[in-house]
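# Fold the following, please.
(one chain, ligands or ions: 1)
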Amino acid sequence: MGPEAPHRESKKLPKRRAWIWNGLIVAALVAIVAAFVAGIRGPSFLTPSITPSNKSRSCQLQKLKGVIEDCCCDYEMVDTINKELLHPVLQELVKKPFFRYFKVKLWCDCPFWPDDGMCHLRDCSVCECPESEFPETFKCQPKRLSVEDPKCQEGKPEAAVDRTVDHKVLNGWAEVDNPWTYDDETDNEQMTYVNLLLNPEKYTGYTGPSARKIWKAIYEENCLKDGQNDSCTERRVLYKLISGLHTSISAHVAADYLLDEPSNYWGPNISLFYERVLKFPERVQNLFFTYLFVLRAVTKAADFLSQADYSTGNAIEDNETCSLIVQIVMNKRLQKACPVPFNEAQLSCGADGVQLKNQMQQHFHNISALMDCVGCEKCRLWGKLQILGLGTALKILFSVDVHDSHTHPLDLQHNEVIALINLLSRLSESLQYVHMMAPLVDFL
Ligand SMILES: Cc1cc2nc3c(=O)[nH]c(=O)nc-3n(C[C@H](O)[C@H](O)[C@H](O)COP(=O)(O)OP(=O)(O)OC[C@H]3O[C@@H](n4cnc5c(N)ncnc54)[C@H](O)[C@@H]3O)c2cc1C
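Numbering: from 1, shown residues only. Sure thing, here's the model as predicted:
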């Protein structure tokens, strides 16, 4: 199969996403009618109505009021700003040519435990074209992964990454390695380009001991066991970032789920959404926290992002990309509503602050390396993208002083910006899912 023409992908994918949202909207309307009939108020995630019959589930959600812990904005405001302002802009932005191609090392080579027989992506090669050969390599005919071949990957056929790409997107940005992440971003020999719109984050069937082993290693072997209650802000922040990301991944899995395998029927799985996300208010809190943390990094890098070169050869699309970026980083309403989404200056655990930052960087580096142990290709793709996005946010907030551009210039590479913005978009979408799904759980 040859490269897919841009017009085809832009038609097909928004349709699918629109279909999920339509599903949620229909479900929400049904819930509103049901709520009306039952004599209770309509849906509001932040102020859910309580009746004896729905008390148990809604009560847990009611806690999310006031200022988000370790942040500077409140839940209600963030929910409103996301819904009315950021989510619609981010949805558009990640469809633009600049933001839809991600460079990634997809084959796995787990540095922590021996190959468990699930991860042989180099053997299942799908015409991974080195960047040096770009764009000639588009002439390669990408082979489909054999979905019958269990050694290729875990999960469903949907877990395989579609490597079809558009060739007009490469241009010269800085090649710098991110100090927070494991993959060497400058090692182009190992990287392949992936069109994110052809590989949406959703249910892949990757589950069971292998998936849990990764999360366990992330939480337990990186000193994050008691993260939520850690008295040291740095460790608490790292725990919350990972937990918020975990919540977002769970939200995407449940929101786009294979509901009926024989008929290939996909849609939101509301009970799974409740079981993995809404049942645990602290997971939702951590999602809000991670969103604000990444938003802070994006707005702190406003000068860099608003002046960056987003050209991909399509002048109309590229101008729109610039304008959408400006709508986020220079937004007056956002600046007024939530001027400092997260205050990194508050992070200092006494005299050993520098040492703690180094420790935090080492733990995050290990977490990043664990992505090579993820036994499902598409999960690895999104895991790596989102970890690089978080690593980029950490780099912006802790490794450089953007106000001292002479001694500490902010230097982000192409891939870091793509990861950062796509991560913010994932988190924003997850908040929207929470907003939409929370009122529905009482009707399960
Ligand atoms: C990097 C990565 C990316 C993945 N991407 C996908 C994907 O795109 N599609 C897909 O279908 N599957 C994906 N998975 C698998 C998915 O995350 C789950 O592991 C899988 O669905 C099994 O879920 P589970 O219910 O067993 O609990 P898991 O989500 O595996 O959680 C394991 C344990 O962690 C704790 N936990 C759960 N959520 C949180 C939280 N938010 N904060 C703190 N602790 C928590 C709980 O104790 C839970 O039992 C991915 C896994 C990883 C490691």
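
# May I see the buried residues of stretch 328-344?
Across stretch 328-344, burial judged by 16 or more other CB atoms under 10 Å covers 328-329, 331, 334, 337-338, 341-342, 344. Bear in mind the C-beta positions are built from the backbone N, C-alpha and C, glycine included.

# What about the residues you listed, which are in strands?
Per DSSP state E, strands hold no members of those.

# Show me the two of those residues that sit farthest apart.
Asn331 and Glu344 (20.1 Å; CB to CB).

# before we move on, the earlier item: now render the buried residues of stretch 328-344 as CSV, adding distance to Trp215 and pLDDT.
As requested, the buried residues of stretch 328-344 are arranged in CSV below (distance: CB to CB, whole Å; pLDDT from 0 to 100):
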residue, distance to Trp215, pLDDT
Ile328, 31, 96
Val329, 33, 95
Asn331, 35, 90
Leu334, 32, 88
Ala337, 34, 84
Cys338, 30, 85
Pro341, 26, 82
Phe342, 24, 85
Glu344, 26, 78
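
# Output those as a markdown table; include the columns distance to Ala308.
As requested, those are exported to a markdown table (distance: CB to CB, whole Å):
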| residue | distance to Ala308 |
| --- | --- |
| Ile328 | 13 |
| Val329 | 10 |
| Asn331 | 17 |
| Leu334 | 19 |
| Ala337 | 25 |
| Cys338 | 23 |
| Pro341 | 21 |
| Phe342 | 22 |
| Glu344 | 22 |
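
# anything in stretch 384-394 near the ligand?
No. Using CB under 6 Å from any ligand atom, stretch 384-394 never reaches the ligand; the gap is at least 7.7 Å.

# Rounded mean pLDDT for that stretch, please.
Averaged across stretch 384-394, pLDDT comes to 96.

# Alpha carbons of it, in CSV - could you do that?
Presented in CSV, the C-alpha positions along stretch 384-394 are these (Å, rounded to 0.1, in the frame of the first residue of the first chain):
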residue,chain,number,x,y,z
LYS,A,384,6.8,7.6,23.9
LEU,A,385,5.1,10.7,22.5
GLN,A,386,3.5,11.6,25.7
ILE,A,387,6.6,10.9,27.8
LEU,A,388,8.6,13.1,25.4
GLY,A,389,5.9,15.8,25.8
LEU,A,390,6.2,15.6,29.6
GLY,A,391,10.0,15.6,29.3
THR,A,392,9.7,18.7,27.2
ALA,A,393,7.5,20.4,29.7
LEU,A,394,10.0,19.5,32.5
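
# can you offset everything so residue one is 45?
Got it, first residue is 45 now, which makes that one stretch 428-438.

# Would you mind listing what in the chain touches the ligand?
Residues of the chain lying close to the ligand by CB under 6 Å from any ligand atom are 245, 247-248, 250-251, 255-256, 258-259, 287, 290-291, 293-294, 297, 320, 327, 418, 422-423, 426-427.

# which among the residues you listed end up buried?
Neighbour-count burial (16+ other CB under 10 Å) applied to the residues of the chain next to the ligand gives 245, 247-248, 250, 255, 258, 287, 290-291, 293-294, 297, 320, 327, 418, 422-423, 426-427.

# Among the residues you listed, which are located in helices?
Of those, the ones assigned to helices by DSSP state H are 255, 258, 287, 290-291, 293-294, 297, 327, 422-423, 426-427.

# So what's the residue count around the closest residue to Asn358 other than its chain neighbours?
Residue nearest to Asn358 in three dimensions, not counting chain neighbours: Pro141, with 5.8 Å by CB to CB, 6 or more residues apart in numbering. For Pro141, the count of nearby residues is 20 (other CB atoms under 10 Å).

# per-residue pLDDT, Pro141?
90.

# can you tell me how far it sits from Glu361?
For Pro141, the distance to Glu361 equals 6 Å [CB to CB, to the nearest Å].

# shared neighbours of these two, anything?
Common contacts of Pro141 and Glu361 (CB atoms under 8 Å, 6 or more residues apart in numbering): none found.

# Give me the neighbour count for Ala299.
By other CB under 10 Å, 28 other residues sit near Ala299.

# Hmm, His479 and it touching each other?
No. Contact between Ala299 and His479 fails when scored by CB atoms under 8 Å: they sit 11.7 Å apart.

# Can you check which residues contact both of these two?
With CB under 8 Å, 6+ apart, Ala299 and His479 have no common neighbours.

# ok, now which ones touch Leu471?
Leu471 makes contacts with 288-289, 292, 331, 334-335, 338, as judged by CB under 8 Å, 6+ apart.

# Flag every buried residue along stretch 347-361.
Buried-residue list, stretch 347-361, by 16+ other CB under 10 Å: 348-349, 352, 354-356, 358, 361.

# Give me the distance between His458 and Phe333.
Taken as CB to CB, the span from His458 to Phe333 is 28 Å.

# got it, and Leu475?
Distance check for Leu475 against Phe333: by CB to CB, it reads 11 Å.

# Mind checking which of His458 and Phe333 has more residues around it?
Using other CB under 10 Å as the criterion, His458 and Phe333 rank with Phe333 on top: 27 against 22.

# surely that one meets Ile112?
Yes. Judged on CB under 8 Å, Phe333 makes contact with Ile112 at a distance of 5.9 Å.

# tell me the mean pLDDT for stretch 144-159?
81.
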